[in-house]
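Student: Here you go, sequence then predicted model.
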Amino acid sequence: MIDELSRSIRAHLYERVTNPLLGAVTVAWVFWNYKLILILFASSPPADKIAFIENVLYPNWYLSVIYFVFLPMVSGMAFLYAYPFPAKYVYRYTRNQLKELKKIKLEVEDETPASKEEHIQLKRKVNELETRYYVDLTERDTEIARLQELLANGKRSDLKPSPPRPRNEAESGAGKEIISKAEHQQLNDDGKISHKKIVGLNVGGRDYVLGKDFNKEEPGEVNVFELSDSYNYEEEILVRVQLSDPLEPNQVVWVFDGYSHRQLEGVEFKLQKADFEMKSARIAIHQPNPLKPGKDVVVSNIVQFQY
């Protein structure tokens with residue numbers, strides 16, 4: 001009961017103190033009666049203070065009413081009603097000036113060239129984001145292929161997201177068959193498939209080598225690396241694939257050029273940008289899967305780059 005009464009009193013006092021009219025009237029009262037406040041805090045004897053207040057400051061009762069009530073009320077209300085009009089103008093003017101300053105700041109920053117260190121950091125960040133993007137694309141393709149395989153086998157009860165597959169499993173683009181690393185190795189040991197390694201690429205006359213520009217060499221492992229050169233719209237780029245061993249008669253170079261995929265009989269092909277956007281090319285070696293007729297299996301590492 002006492003706590004409720006205490007909270008009620010505090011709430012009532014808080015409402016009174018925070019009332020804008022009371023605040024304005026209080027300030028106006030102090031303004032009109034500042035002499036009274038000075039006298040009260042002066043070091044004169046109390047009798048002298050009282051005599052000065054009654055005889056000099058407020059000699060008549062109506063002057064007391066005017067200075068204590070009328071003038072503070074009128075001044076406080078006039079302040080409350082008149083203040084918003086200039087305040088709106090000042091606020092609008094201030095916000096517009098801040099907006100102009102922000103616009104000037106952005107224009108100056110846009111025209112100010114970045115330092116060499118900032119340029120290097122931005123380029124490194126962009127490369128990291130691009131690499132992560134294309135690795136995520138590969139993981140997505142792997143998951144899609146897994147779901148397609150389950151649908152083909154009628155295992156609808158198994159259609160649930162799987163954890164990220166190890167990068168050492170066979171994975172590439174459309175038409176591939178996902179098999180485990182153990183199955184992949186057993187097929188290779190039995191001579192039913194033949195592992196290859198993409199040990200180098202020549203893109204536009206520049207060499208990119210396994211162990212230097214990309215490092216993963218197991219079948220299905222994805223290498224994402226950055227080209228040293230940039231290429232323009234409709235420019236033709238000659239690509240030559242270097243393998244650890246020659247292709248078997250049933251093996252092909254599988255290429256996705258960012259628009260469509262194709263199979264090559266040799267190890268050379270051309271890329272051509274059909275628009276102004278950056279595209280990702282992916283290269284792997286495919287051969288028929290002896291376990292699943294009509295399906296291909298990746299028998300090499302995969303290399304991927306943006307052009």
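Tutor: Nice, thanks for sending it over.
Student: residue boundaries of the helices in this structure?
Tutor: 2-17, 20-32, 34-40, 46-52, 61-65, 71-82, 84-111, 116-153, 181-189 (DSSP state H).
Student: and those as TSV, adding distance to P219?
Tutor: C-betas here are computed from N, CA, C, even on glycine. Output for the helices of the chain, formatted as TSV (distance: least, C-beta to C-beta, whole Å):
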stretch	distance to P219
helix 2-17	74
helix 20-32	77
helix 34-40	92
helix 46-52	102
helix 61-65	101
helix 71-82	81
helix 84-111	48
helix 116-153	14
helix 181-189	6
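Student: Take these and write them to JSON lines, including mean pLDDT, mean neighbour count and distance to P288.
Tutor: Listed next are these as JSON lines, based on pLDDT from 0 to 100; neighbours: other C-beta atoms under 10 Å; distance: least, C-beta to C-beta, whole Å:
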{"stretch": "helix 2-17", "mean pLDDT": "63", "mean neighbour count": "9", "distance to P288": "82"}
{"stretch": "helix 20-32", "mean pLDDT": "84", "mean neighbour count": "15", "distance to P288": "85"}
{"stretch": "helix 34-40", "mean pLDDT": "86", "mean neighbour count": "13", "distance to P288": "101"}
{"stretch": "helix 46-52", "mean pLDDT": "85", "mean neighbour count": "12", "distance to P288": "112"}
{"stretch": "helix 61-65", "mean pLDDT": "84", "mean neighbour count": "11", "distance to P288": "109"}
{"stretch": "helix 71-82", "mean pLDDT": "86", "mean neighbour count": "15", "distance to P288": "88"}
{"stretch": "helix 84-111", "mean pLDDT": "83", "mean neighbour count": "10", "distance to P288": "56"}
{"stretch": "helix 116-153", "mean pLDDT": "72", "mean neighbour count": "13", "distance to P288": "16"}
{"stretch": "helix 181-189", "mean pLDDT": "81", "mean neighbour count": "14", "distance to P288": "11"}
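Student: Looking at those, spot the one closest to V303.
Tutor: helix 116-153 (11.2 Å; C-beta to C-beta).
Student: isn't S244 right up against K197?
Tutor: Yes - at 3.9 Å, S244 counts as touching K197 under the criterion of C-beta atoms under 8 Å.
Student: more neighbours, those two?
Tutor: K197 (18 against 14; other C-beta atoms under 10 Å).
Student: Give the full set of residues in contact with the more buried one.
Tutor: 210, 217, 243-245, 300-301 (C-beta atoms under 8 Å, 6 or more residues apart in numbering).
Student: Just the buried ones out of those, please.
Tutor: 210, 217, 243, 300-301 (16 or more other C-beta atoms under 10 Å).
Student: Please identify which of the helices of the chain is closest to K273.
Tutor: helix 116-153 (16.2 Å).
Student: which secondary structure elements does the closest one contact?
Tutor: strand 222-225, strand 302-306 (3 or more C-beta pairs under 8 Å, 6 or more residues apart in numbering; DSSP states H and E).
Student: Understood, closing this out.
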